[in-house]
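Visitor: here is a sequence with its predicted model. Questions after.
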Amino acid sequence: MRLTVIGTGYLGAVHAACMADIGHDVLGVDVDPEKITALTEGRTPFYEPGLDDVLARTLASGRLRFTTSLREAAAHGEVHFICVGTPQQPGSPAADLRHVDAVVDGLAPHLPASCLVVGKSTVPVGTTSRLTTRIADLAPAGVRAAVAWNPEFLREGFAVEDTLHPDRLVVGATSREADDTLRRVYAPMLAAGVPYISTDPNTAELVKVAANSFLATKISFINAMAEVCDAVGADVATLADALGHDSRIGRRFLNAGIGFGGGCLPKDIRAFTARAEELGVGTAVAFLDQVDAINQRQRTRTVALARRTAGGDLTGLRVTVLGATFKPNSDDVRDSPALAIASALHHEGADVRVHDPEGTANAQLAHPELSCSTDLLTACQGTELVLHLTEWSQYRELDPFKLARAVRTPLLIDGRNALAHAEWRAAGWTVRALGRPAPTNHTDADRPHDPLRTTVASPSTEVDRTTALA
Ligand code: UDX
């Protein structure tokens, strides 16, 4: 099938390459000529594991091309996928739909005959209906253009896998014909048994914001429990493990830490509350304000923990932040809790160095005040406090003995509860984490956090050095 994919960011570039990979003839479109040149030459303009390979083989097959021209796109596609960003509006919780509207305005006047426009971006409920009218107004007389919504659930870092092997496909269409067209687009996935949920556009749009709201709520729930654990010296990691064994709850997305960030969850829950207000059902999702507040609080609580650990004042303290991106296996620093914390420490007078394997260029652009490095030992040399804020696998593979020799003070805050605390303590480190008690001879707080564990480790025999250092 002849498809166009408009918008070649994290979502669109992956969708375009994967649609070509399953056999379609795809034209990717973007307003940014540099991005289009890079993609045409097989260079991915961002870090996404596996995308380079798919891009290389689909470009070589001749089934994937790129352009900046919406006129060319209109002529090419029987199905046009809209994959542009819907960021938060400046100064408002609502979504900014100007890129979606610009695509429709640029495409509609050139549409040749009958076609299907399919939105994949995350949008406020009601957008399909609004765009249907807009396209009808702008398209030449006699053109039959249907609009459907087919939300995308891909996770950065697993985007290729999630696109080629989604756990479900959701399509909101108003006609049988539109639904059938999308079934043909996704025929290989349907043949592989991927569940296909055919519904109306409002429901399809809502599925996406409801899914992200649920995930955000789950994370903030466990982070709220971390606050309670801190009040009584209980252990949130053990609590999460114990909850997770209940199959109705499940262990995934119950990792307590510095909270969620990225280009989706934070802005999506805010846009949902704004849209619900407009619809007169703001109270129904008012809890999402609390979800957001708990999430923000984890950042300030982490800074407060750093301050406390440093003895009450961060001025002049040499601090190393491990991780800048909002999650591992990505170079995306949008609304990154790691960077927000690094910046707050800097503004409290700490001398902050940030390390990240892939995200330093974006981090430096977003926070020019921070000093960033891709060399771990340089970033840690002579430091007095290390904060582990993005759980890249190489941080879990660090040798804490070796690192202890590079730093000035072996003091670690594990903001992701992902390091093997007992090993770090055995190497002489003092380890702190939100929702985790300081170890005593009788607690299990030292054990590595492993969600798959089912039994409790033997009690730690380590002597707590924290009070001496803090
Ligand atoms: C999310 C949704 O998962 C995806 O379905 C949607 O299409 C886009 O938004 P993504 O933004 O790539 O995907 O990241 P995700 O893996 O969901 O993580 C979001 C944030 O939550 C990250 O900052 C992550 O570190 C944090 N997180 C996740 C936690 O703090 N604890 C957890 O247990 C899980």
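Guide: The structure has been received and is ready for your questions.
Visitor: residues of the chain that sit close to the ligand?
Guide: By C-beta under 6 Å from any ligand atom, the residues of the chain that approach the ligand are 152-156, 212, 215, 219, 253-255, 257, 259-262, 264-265, 326-327. For glycine as for every other residue, the C-beta is placed from the backbone atoms N, C-alpha and C.
Visitor: out of these, which end up buried?
Guide: Listed as buried from the residues of the chain next to the ligand are 152-154, 156, 212, 215, 219, 253-255, 257, 259-262, 264-265, 326-327; burial here means 16 or more other C-beta atoms under 10 Å.
Visitor: now, those that are in helices?
Guide: 212, 215, 219, 265 (DSSP state H).
Visitor: from those residues, which single one is nearest Val285?
Guide: Distance to Val285, by C-beta to C-beta, is smallest for Asn212 among these, at 12.0 Å.
Visitor: and the closest one, what does it touch?
Guide: Taking C-beta atoms under 8 Å, 6 or more residues apart in numbering, we find Asn212 in contact with 122, 264-265, 268-269.
Visitor: in JSON lines, list these along with pLDDT.
Guide: Shown next, in JSON lines, are the contacts of Asn212 (pLDDT from 0 to 100):
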{"residue": "Thr122", "pLDDT": "97"}
{"residue": "Cys264", "pLDDT": "97"}
{"residue": "Leu265", "pLDDT": "98"}
{"residue": "Asp268", "pLDDT": "98"}
{"residue": "Ile269", "pLDDT": "98"}
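Visitor: can you tell me the helix or strand for Ile197?
Guide: strand 196-199 (DSSP states H and E).
Visitor: ok, which stretches of the stretch 251-400 of the chain are strands?
Guide: Taking DSSP state E, counting those that start in this stretch as the test, the strands found in the stretch 251-400 of the chain are 318-322, 351-355, 371-373, 385-388.
Visitor: identify the spatial nearest neighbour of the residue positioned nearest the centre of the chain, chain neighbours not counted.
Guide: Nearest residue to the geometric centre of the chain (C-alpha atoms, centre = their mean): Gly262, 4.2 Å. Beyond its immediate neighbours in the sequence, the residue positioned closest to Gly262 (C-beta to C-beta, 6 or more residues apart in numbering) is Phe326, lying 4.2 Å away.
Visitor: which ones are touching that neighbour?
Guide: The contact partners of Phe326, by C-beta under 8 Å, 6+ apart, come to 260-262, 332-338, 390.
Visitor: again, but for Glu384
Guide: So Glu384 contacts 310, 317-319, 407-409, 411 (C-beta under 8 Å, 6+ apart).
Visitor: for Pro410, same thing?
Guide: 400, 403-404, 427-430.
Visitor: domains in this protein, by residue range?
Guide: 2-199, 214-468 (automatic domain parsing).
Visitor: and those domains, which one averages the lowest pLDDT?
Guide: Ranked by mean pLDDT, those end with domain 214-468 in last place, scoring a mean of 91.
Visitor: quick check: the residue nearest to the centre of the chain vs Asp335, distance?
Guide: Distance of Gly262 to Asp335, computed by C-beta to C-beta, to the nearest Å: 6 Å.
Visitor: what does Arg130 give?
Guide: Computed as C-beta to C-beta, the Arg130 to Asp335 distance reads 27 Å.
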